[in-house]
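1. Quick one, what's the 3D model for this:
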Amino acid sequence: FNRLKHFRRIATRFDKLARNYLSAVAIAAIRLWTRFESRT
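-> Below you'll find the predicted structure:
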């Protein structure tokens, strides 16, 4: 969760709707996961 806060959009919660915020969290988590997987 702490790494997600590095994404400005998530840390400041620009999105007003919860649906948009959760989709941004999902996209950020996928980006972090792919970075982690590419290292191994």
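2. Which elements pack onto the helix or strand encompassing residue 33?
-> Assigned by DSSP states H and E, residue 33 belongs to helix 18-39. Helices and strands touching helix 18-39, by 3 or more Cβ pairs under 8 Å, 6 or more residues apart in numbering; DSSP states H and E, are helix 8-12. In short, each C-beta sits where N, CA and C put it, glycine included.
3. Now do the buried residues in the helix it packs on.
-> residue 10 (16 or more other Cβ atoms under 10 Å).
4. in the helix holding residue 33, what counts as buried?
-> Going by neighbour count (16+ other Cβ under 10 Å), the buried part of helix 18-39 is 24-25, 28.
5. contacting residues around it?
-> The contact list for helix 18-39, computed with Cβ atoms under 8 Å, 6 or more residues apart in numbering, reads 3-4, 7, 9-10, 13, 15.
6. Show the buried residues in those.
-> Counted by 16+ other Cβ under 10 Å, the contacts of helix 18-39 give 7, 10 as buried.
7. Show me the two of the contacts of helix 18-39 that sit farthest apart.
-> By the measure Cβ to Cβ, 3 and 15 form the most distant pair in the contacts of helix 18-39, at 18.9 Å.
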